[in-house]
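**Q** Structure, please.
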Amino acid sequence: MKYSKLTYYLLAILCLMATSCVSDGVMDGCPDNNKQELVNDARVNLILSFAITSTRSITSEGVEKERNIKDIHIYAFQQDHFIEEVKYILISGSNGDATRRIEGRLSATYDSSQGLELVVVANAEDKGVNSIDLTKVNNKNDLYQQLVFNYDGSEVWQENIPMSGVCNIDKIKEGYNTGELTLTRAVAKVNVTVNEGHGIDNFQINEIKLCNYNTKGYCTSSKIDEPNIPNGTTQSKSPISSGTLTEIEGNAYENHFYIPEHQNVGVNKEQKVYLEINATVKGIAKNYTLAFTQNDNPHNVLRNYLYVFNIRSVKMEVNVEPTLEYEVKVWEEETVDIPSFN
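**A** Predicted coordinates:
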């Protein structure tokens, strides 16, 4: 079979094209090239936000203090594999601001085709979590297991609360990579009100004690709608006391009790957290125990939630001990008057 000169020319051109695509056995510059692109000069620029807690004006000062950030750390992951702790962190804004901005520089080399996960942890160092062994961190859970804080009820927990959040960036690139996240507090807040702060005639709270709370907690957690409690956690035998209260304070004791997550569902009574109320009823001192229950159903204590014990009325009949009627209001998606504590 004979070929024309044009056919030979076409075959020669195709051979040259094929040869140009191969260099030392590696495909280069061809349409089906799957060469990995690496990024080794990247930075992150993140906006941190805090959702609103109670809208009552009496809580405004407390809300601002709850947003304090004393120290902050950022940990980078790709496909749940730990890469590095981000260095050279700068945070802008002031404590109490509703949003803050942080910047950091990445030192490692990253695959640009993969997403980037950034775990942001605030105030863990202030609460004594300063011995993280990053050589033992392979994934996010390994990190979370080391982020355990000790809870001392005698300390002030309204400020520098342990918080965390995760930011996902679809594809990492050189230069600045921007993202947003919401910091979630690692503790729950417990408020006590009498008739939603208006008080009840002939009823005065003298002291409130929060009893049997956990002594450890995780700074961050992957669990949702259930408490995540570190192994070896015990319940404190020393209650947190409000001290002697005035009439105004007793009617709305807010922004003072902050405790780690607690398992109240499916455990013995001795393992549950509860409140003790000392009050004066018609001139007589009485003690009450308030459990985290609603209609006899116990509530677990979850991070980032606000629990409001609202005493609605006091029943007292002749020659009968007085009893309290109360409700535990817990934030739920369909409830508008008790917002989330995040």
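
**Q** Residue 261: neighbour count?
**A** 26 (other CB atoms under 10 Å). Yep, even glycine has a C-beta here, placed from its N, CA and C like the rest.

**Q** so how far is residue 89 from it?
**A** 28 Å (CB to CB, to the nearest Å).

**Q** And the helices in the stretch 151-300 of the chain, which stretches?
**A** Under the criterion DSSP state H, counting those that start in this stretch, helices of the stretch 151-300 of the chain are mapped to 247-251.

**Q** what does stretch 70-90 rub up against?
**A** 44, 46, 91, 102-108, 110-111, 114-126, 134, 137-140, 142-143, 160 (CB atoms under 8 Å, 6 or more residues apart in numbering).

**Q** Can you flag the buried ones in the residues you listed?
**A** For those, a burial check counting by 16 or more other CB atoms under 10 Å picks out 44, 46, 91, 102-104, 106, 110, 116-126, 137, 140, 143, 160.

**Q** all strands for the stretch 51-200 of the chain, in order.
**A** Here the stretch 51-200 of the chain has its strands, by DSSP state E, counting those that start in this stretch, at 72-78, 81-85, 87-92, 99-106, 110-111, 116-122, 148-150, 163-169, 175-182, 184-185, 188-194.

**Q** what pLDDT, on average, does the second one get?
**A** Meaning strand 81-85. Computed over strand 81-85, the mean pLDDT rounds to 97.

**Q** Likewise for the last one?
**A** Computed over strand 188-194, the mean pLDDT rounds to 95.

**Q** next one: the fourth one
**A** The pLDDT scores in strand 99-106 average 95.

**Q** Starting from it, tell me which strands it pairs with and how they run.
**A** strand 42-49 (antiparallel), strand 87-92 (antiparallel) (DSSP bridges).

**Q** among those, which is nearest residue 271?
**A** Among these, the nearest to residue 271 by CB to CB is strand 42-49 (35.2 Å).

**Q** Quick check: the residue lying closest to residue 262 once chain neighbours are set aside vs residue 245, distance?
**A** Spatially, and ignoring its direct neighbours in sequence, residue 262 is nearest to residue 301 (3.8 Å; CB to CB, 6 or more residues apart in numbering). For residue 301, the distance to residue 245 equals 23 Å [CB to CB].

**Q** what does residue 312 give?
**A** 19 Å.

**Q** who has more neighbours, these two?
**A** residue 245 (18 against 13).

**Q** Please give me every residue in contact with that one.
**A** 205, 206, 207, 208, 253.

**Q** tell me, how many neighbours does the second one end up with?
**A** Just to be clear, that refers to residue 206. Neighbours around residue 206, by other CB under 10 Å: 18.

**Q** Could you pull up the contacting residues of it?
**A** 244, 245, 250, 278, 279, 280, 285.

**Q** Quick check: it vs residue 197, distance?
**A** 17 Å.

**Q** Low-confidence stretches in this protein?
**A** Applying pLDDT under 70 to the chain picks out residues 1-36, 51-62, 317-321, 330-342.

**Q** The nearest residue to residue 323 once chain neighbours are set aside and residue 280: what is the separation?
**A** Of all residues not flanking residue 323 in the chain, residue 315 sits nearest, at 5.0 Å (CB to CB, 6+ apart). Residue 315 is 16 Å from residue 280, where distance means CB to CB.

**Q** More neighbours: those two, which one.
**A** Shown here are residue 315 and residue 280; by other CB under 10 Å, residue 280 has more neighbours (14 against 10).

**Q** Was I right to think that one contacts residue 244?
**A** No - in this structure, residue 280 is not within contact of residue 244 by CB atoms under 8 Å, at 11.7 Å.

**Q** Tell me the buried residues in stretch 301-314?
**A** Here stretch 301-314 shows 301, 302, 303, 304, 305, 306, 307, 308, 309, 310, 311, 314 as buried, counting by 16+ other CB under 10 Å.

**Q** how near is the third one to residue 272?
**A** When CB to CB is applied, the distance between residue 303 and residue 272 equals 17 Å.

**Q** for stretch 277-285, how far is the first residue from the last?
**A** 10 Å (CA to CA, to the nearest Å).

**Q** now that stretch, how far from the centre of its chain.
**A** 38 Å (CA atoms, centre = their mean, to the nearest Å).
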